[in-house]
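S.K.: need coordinates for the below:
(one chain, ligands or ions: 2)
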Amino acid sequence: MTEVHAGEEAASQSIEQHLYQRLSKVIDPELGRSITDMGMIVSIEAVPRAGASGDATDAYDVVVQVELTVEGCPLSETITNQIKGAVFSYPDAKLTPHIEVSSMSKEKLSNLVEGLKEARRANPFTKKGVKTRIFAIASGKGGVGKSSVTANLAVTFASMGYDTAAIDADIYGFSLPSIFGVHTQPTNLNGMLMPVTAWGVKLMSIGMFTGADRAILWRGPRLQRSLEQFLSDVWWGDPDVLLLDLAPGTGDMAISIAQTLPNAELVVVTTPQPSASDVAVRSGLVALQVPMTVRGVVENMSWFDHQGERLRIFGEGGGERVSQRLTNALHYDVPLLSQLPLQTDMRTTAESGRPAVLNEDGALDSSELAQSFKKLATTLMS
Ligand SMILES: Nc1ncnc2c1ncn2[C@@H]1O[C@H](COP(=O)(O)OP(=O)(O)OP(=O)(O)O)[C@@H](O)[C@H]1O
Ligand SMILES: [Mg+2]
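M.R.: Ligands and ions are numbered 1, 2, ... in the order given. Predicted structure coming up:
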């Protein structure tokens, strides 16, 4: 090898190493892991471009071979753009990226998924020291606004910078996919499901599966099983907050949650009328049977602002009453955390596929409603 060639070789190698380092900081948006750690970068080759005179210049063609987890992966463009960005921003030479994308062999993928599942098992939500705060949103009666509270609270947390996940644990009456406008299916990586991210929240709902897929997920008739599957077979990463939207009622799911996620805290949603608050109390009293903390009460549909007048359409006092009765029964403070107004856009915006506290750009609105949710989120985290 001539000296010139040896020098060129060394320069190419140094570029390749430098780029590999940079690519180790590119994170797969779904898996939340570095693309080099997951073996997605198969090779990087920097080839000097010949100058006009035939001599080498400080310009290089860089071929990066990338293997993605699944073919036609929806996030492939995000990843390739980030790789291109890393190549373009190389400071000491002019690099032209050529990205060659293919998908992993079955064997490589199955090894990767095994590794991820192992990490998931080693770091479940129940492990001591895991930072995830878990709030289960419950109610006695149906239709009081659990799903609306869950969805708006989730996007509020996300907009405050918390890594946020939400599970639609209402397996028969799921509604989070429609409030979040989700029409896609979770990616299934060899039996590991990727949650769908919508409005900044990682979401999982039985409603995202149809036909055969729903049957696969639905291996046992027991609720507990479905919850466990959502917790163990979904790649959640390491969220700061996990919200669970429960089915109405005083029963089974709350017990399953207490067993599966002992650090979950219950938030009881009620409306202001006394008849609703009686059942709401019962939904909180589940904490007498199982070790679970009731974090507080949210009163929804508390008033309707009409021409400057605050109309108490459903009466008043329900939230306060639930708070007092649960405080008495459980012997610790179960505060009334928030009172939320009845307002039409809470429903109409949700029907358009967006939680009402967000504006069209997906930012937290400056509305009073959004402020209430922000205050609620802050209180819950304190
Ligand atoms: N504060 C509010 N103002 C106006 N509409 C609301 C409000 N809260 C909820 N709604 C609407 O009331 C209906 C029921 O709300 P939601 O689905 O959130 O209740 P839920 O308790 O989850 O019901 P389910 O028991 O069926 O799961 C929805 O159409 C929702 O948009
Ligand atoms: Mg609901």
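
S.K.: okay, CA-based contacts and neighbour counts for the rest of this
M.R.: Will do.

S.K.: quick one: Leu244 and ligand 1, what's the gap?
M.R.: Relative to ligand 1, Leu244 is positioned 11 Å away (Cα to the nearest ligand atom, to the nearest Å).

S.K.: how would you label that residue: helix, strand or coil?
M.R.: strand (DSSP: H, G, I helix; E, B strand; the rest coil).

S.K.: quick one: pLDDT of it?
M.R.: What the model reports as pLDDT for Leu244 is 95.

S.K.: Val64 in helix, strand or coil?
M.R.: strand.

S.K.: all strands of the stretch 1-150 of the chain, in order?
M.R.: In the stretch 1-150 of the chain, the strands defined using DSSP state E, counting those that start in this stretch lie at 41-50, 56-68, 94-103, 133-138.

S.K.: how about His98: what's its closest non-neighbour residue?
M.R.: In space, and not counting its chain neighbours, His98 is closest to Val63: 4.7 Å by Cα to Cα, 6 or more residues apart in numbering.

S.K.: my guess is that neighbour meets Glu100, correct?
M.R.: Yes. Judged on Cα atoms under 8 Å, Val63 makes contact with Glu100 at a distance of 7.2 Å.

S.K.: so the two - more neighbours on which side?
M.R.: Val63 (19 against 13; other Cα atoms under 10 Å).

S.K.: got a list of what that one touches?
M.R.: For Val63, the contacting residues are 43-46, 97-100, by Cα atoms under 8 Å, 6 or more residues apart in numbering.

S.K.: same check on Ser43?
M.R.: Contacts here follow Cα under 8 Å, 6+ apart; on that basis Ser43 touches 63-66.

S.K.: closest to ligand 1 out of these?
M.R.: Nearest to ligand 1 among the contacts of Ser43: Val66, at 42.9 Å, using Cα to the nearest ligand atom.

S.K.: can you select the buried ones from the contacts of Val63 in PyMOL?
M.R.: Buried residues within the contacts of Val63, by 16 or more other Cα atoms under 10 Å, are selected in PyMOL with:
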select buried, resi 44+45+46+97+98+99
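
S.K.: need the residues of the protein near ligand 1, please.
M.R.: The chain comes close to ligand 1 at residues 142-148, 173, 247-248, 300-301, 340-344, 346-347, as judged by Cα under 6 Å from any ligand atom.

S.K.: looking at the residues you listed, which are in helices?
M.R.: By the criterion of DSSP state H, membership of those in helices covers 146-148, 344, 346-347.

S.K.: among those, which ones are buried?
M.R.: 146-148, 346-347.

S.K.: what's the distance between Gln185 and Lys146?
M.R.: Distance, Gln185 to Lys146, using Cα to Cα, to the nearest Å: 23 Å.

S.K.: ditto for Asp37
M.R.: Distance of Asp37 to Lys146, computed by Cα to Cα: 40 Å.

S.K.: pLDDT for the contacts of Val63 - can I get that in JSON lines?
M.R.: Shown next, in JSON lines, are the contacts of Val63 (pLDDT from 0 to 100):
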{"residue": "Ser43", "pLDDT": "94"}
{"residue": "Ile44", "pLDDT": "95"}
{"residue": "Glu45", "pLDDT": "95"}
{"residue": "Ala46", "pLDDT": "94"}
{"residue": "Pro97", "pLDDT": "95"}
{"residue": "His98", "pLDDT": "96"}
{"residue": "Ile99", "pLDDT": "95"}
{"residue": "Glu100", "pLDDT": "94"}
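
S.K.: what's the most distant pair in the contacts of Val63?
M.R.: Ala46 and Glu100 (13.7 Å; Cα to Cα).

S.K.: and the residue nearest to His98, what pLDDT?
M.R.: pLDDT, Val63: 96.

S.K.: same check on Trp199?
M.R.: On the pLDDT scale, Trp199 gets 97.

S.K.: quick one: low-confidence parts of the stretch 101-250 of the chain?
M.R.: Applying pLDDT under 70 to the stretch 101-250 of the chain flags the ranges 123, 210-225, 250.

S.K.: okay, angle between the lengthiest helix in the chain and strand 56-68 too, please.
M.R.: The longest helix of the chain (DSSP H) is helix 3-23. Note on geometry: by axes from the mean of the first three to the mean of the last three Cα atoms, to 10 degrees, helix 3-23 and strand 56-68 are set 40 degrees apart in direction.

S.K.: quick one: list the elements packing against helix 3-23.
M.R.: Contact here means 3 or more Cα pairs under 8 Å, 6 or more residues apart in numbering; DSSP states H and E; on that basis helix 3-23 packs against strand 41-50, helix 76-88.

S.K.: domains for this structure, by residue range?
M.R.: Segmentation of the chain into domains, based on automatic domain parsing, reads 3-104, 127-381.

S.K.: most tightly packed of these?
M.R.: Across the domains of the chain, averaging neighbours per residue (mean count of other Cα atoms under 10 Å) puts domain 127-381 on top, at a mean of 19.

S.K.: and the residue nearest the centre of the chain, what element?
M.R.: Centroid-nearest residue in the chain: Lys202, 1.8 Å away (criterion: Cα atoms, centre = their mean). Lys202 belongs to strand 201-205 when assigned by DSSP states H and E.
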